[in-house]
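>>> here are the coordinates; sequence isn't available:
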């Protein structure tokens, strides 16, 4: 490790990616990226206490630092939107960590308790840094261009948003805008008056950045996603390197998992060819979901989509990976202090995504038990690892207090049913075929061979994750479990692929891996093209592939955002908008609605019930009927553009009939906003 100046390397990576953040969001974005790096240093003492002065410590500690910063921001919000309180908490956390680490270096007794000789990592060499650098470059190439095209402008000023960014990124804009308001727990922007039951911890730092920097919500989210992607992929590299400490093998394995995990792209191309259709038809496919589209099976997104659409879940997994690194390297032989630090990492994951944190904690626990059994250790080692549950219980209580996953527990169903039961072997082969086949020798090496102990946790994790994937589902969203478990499974399979690559001695073995990669690359290549193709204005299955927001719509939405109170209730007709602009007002006007149909939240009947009342307001033939519905639902402003006018051919004249009830507030072309008045008020 000493032969390579990895601190200089880390600084070079930071500067390079700050420049990329500038490309995404200008000078303010670059400033925010630097602040994110500074924020990550809060967790470095945790990483160094676990792994020593090692690059793995910086990688693992960076995710922990982001979590500490998010909690510090939350404390500041709870204290009355006081940034000074959050900064004080963050500073105290950082100082306490570094002081404890310095004390540990001076105290031999403390150092022995904190770490264990079996947890010492191999030497980090120049080739390992080069491999990590190559992976980070690949990650940036995958992440930056699609995000740079989110909200791209045509010459006429129309802004363009590609599906499926409209289902996730645009929803994240609404969530972050809600956090900027400072209500805690946050309010549901699609059901005014109700709390928001969602894991919003990841979005606290970008919300804080919007409050203190000249940075729009959209820009802050892009920069945060870049930071999360780099942290996520570096964490996967660190986990695989811990099992197989050879940089070139790990780079090959992680790149394989990132780029070539699925046969779906090849299947689509062959299918189009056999049906004598142009191969360009793949641009009108959700290419990474063909297992669901064609066969009704599970939807398993690739790791690229984890970075484009679900960075909050990716960061939760990055937070949990230090626990897997510890058990991969040391098995059950961790000292009590190290077990507590592992618990802190898992607790951080649970604050970001309770399901991901709990599932990885189960993998960790079973790996400890397996190590105790295989090495015939004293059963007290298992009891020792129960210390990790202490921070996790605290995190669970925190999540319950803030209602971040309220209602999700009641939606879980156990059993082999739903999409998981529909042609499971075929859909798994289609979704993850190359990765499964490349990892198969790694499973064998986990049973026997020199790397057995270090590959066993990944093999156990694959079994646990697969059991959850096929044995659990949400009755309100049958695809959700597949999404979350799919990403965990791919990370663990990547570790086994590293084991395969490290033992590949013959040209035939290397050639077979290359062939699998060739057939798997098409899925990510097509998805990468589609993710930034905002020129495709054709219809998809019930929605347009690219959503357009006209200059008139932007002008009125800007007026709402700047000229109405932050807690104003601004309503559109959610039933008329379906899956395209379902989040227009909360995301782009940053205001709450009385009723909406959010596709990213648990589907409860109240969303549709209220939305039907709103639809009746737009369909009303007289102003008084419309006004009564608006009053009943607490609506302050009524919004309409081409969507509402197309859905209600009567012209929405009821809002112009009685200016003592509906006062025109803003209008640009066919886009209008009326203020709902209170007579005599």
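Arrived safely, thanks for sending. This is a predicted model, so every value here is computed, not measured.
>>> just the strands in the stretch 151-300 of the chain please.
Assigned by DSSP state E, counting those that start in this stretch, the strands in the stretch 151-300 of the chain fall at 152-153, 159-162.
>>> which of the ones you listed is buried the deepest?
When the strands of the stretch 151-300 of the chain are scored by mean count of other C-beta atoms under 10 Å, the highest mean neighbour count falls to strand 159-162 (a mean of 22). Yep, even glycine has a C-beta here, placed from its N, CA and C like the rest.
>>> can you list the strands that that one pairs with?
Strand 159-162 has the following strand partners under DSSP bridges: strand 152-153 (antiparallel), strand 546-549 (antiparallel).
>>> what's the closest of those strands to residue 33?
Nearest to residue 33, of all the strands paired with strand 159-162, is strand 152-153, at 20.9 Å by C-beta to C-beta.
>>> show me the shaky parts of the stretch 451-600 of the chain.
476, 506 (pLDDT under 70).
>>> ranges for the helices of it?
452-471, 480-503, 507-531, 551-563, 574-577, 584 (DSSP state H, counting those that start in this stretch).
>>> just for the chain, where's the confidence low?
In the chain (pLDDT under 70), the answer is 1-12, 82-83, 101-120, 405-411, 449, 476, 506, 679-681.
>>> mind giving me the domain ranges of it?
For the chain, automatic domain parsing gives the domain ranges 6-176+205-276+309-402+415-526, 549-676.
>>> what's the closest of these to residue 194?
That would be domain 549-676 among the domains of the chain, by C-beta to C-beta, at 7.8 Å.
>>> and that closest one, end to end?
The first and last residues of domain 549-676 sit 25 Å apart, counting by C-alpha to C-alpha, to the nearest Å.
>>> show me how far that domain is from its chain's centre.
30 Å (C-alpha atoms, centre = their mean, to the nearest Å).
>>> stretch 208-222 too?
18 Å.
>>> follow-up on the earlier one: compare the strands paired with strand 159-162 and give me the one nearest residue 618.
Across the strands paired with strand 159-162, closest to residue 618 is strand 546-549 (C-beta to C-beta), at 20.1 Å.
>>> ok, residue 306 - contacts?
Taking C-beta atoms under 8 Å, 6 or more residues apart in numbering, we find residue 306 in contact with 232, 313, 314, 487.
>>> against residue 269, how distant is the last one?
The one in question is residue 487. Look at residue 487 and residue 269: by C-beta to C-beta, to the nearest Å, they are 25 Å apart.
>>> more neighbours, these two?
residue 487 (24 against 17; other C-beta atoms under 10 Å).
>>> now do the contacts for the more buried one.
301, 303, 306, 310, 313, 314, 317.
>>> now, which of those residues lie within helices?
With helices taken from DSSP state H, the overlap with the contacts of residue 487 comprises 303, 306, 313, 314, 317.
>>> before we move on, the earlier item: so which of the strands paired with strand 159-162 comes closest to residue 566?
Closest approach to residue 566 among the strands paired with strand 159-162 is made by strand 546-549 (21.5 Å; C-beta to C-beta).
>>> distance from the closest one to the middle of the chain?
On C-alpha atoms, centre = their mean, the centre of strand 546-549 falls 23 Å from the chain's centre.
>>> do stretch 530-550 as well
22 Å.
>>> what residues of it count as buried?
Within stretch 530-550, the residues scored as buried using 16 or more other C-beta atoms under 10 Å are 530-532, 534, 536, 540, 543-547, 549-550.
>>> so how far is residue 442 from residue 127?
In this view, residue 127 and residue 442 are 21 Å apart by C-beta to C-beta.
>>> before we move on, the earlier item: switch the ones in helices among the contacts of residue 487 over to TSV; also include distance to residue 513.
Below are these laid out as TSV (distance: C-beta to C-beta, whole Å):
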residue	distance to residue 513
303	18
306	23
313	28
314	25
317	25
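>>> which one of those residues is nearest residue 370?
Using C-beta to C-beta, these come closest to residue 370 at residue 317, 21.2 Å.
>>> same list, the contacts of residue 487, but as TSV with distance to residue 667 please.
Below are those laid out as TSV (distance: C-beta to C-beta, whole Å):
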residue	distance to residue 667
301	41
303	46
306	42
310	38
313	41
314	42
317	47
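>>> hang on, the earlier thing: counting neighbours, go ahead and name the busier of residue 127 and residue 442.
residue 442 (29 against 13).
>>> give the closest residue to the more buried one in space, chain neighbours not counted.
Distances taken as C-beta to C-beta, 6 or more residues apart in numbering place residue 496 nearest to residue 442, at 2.9 Å, with adjacent residues excluded.
>>> surely the one you found and residue 437 touch.
No: the pair residue 496 / residue 437 is not scored as a contact, 11.1 Å apart, by C-beta atoms under 8 Å.
>>> between the two, who's got more neighbours?
For residue 496 versus residue 437, the count of surrounding residues by other C-beta under 10 Å is larger for residue 496: 30 against 19.
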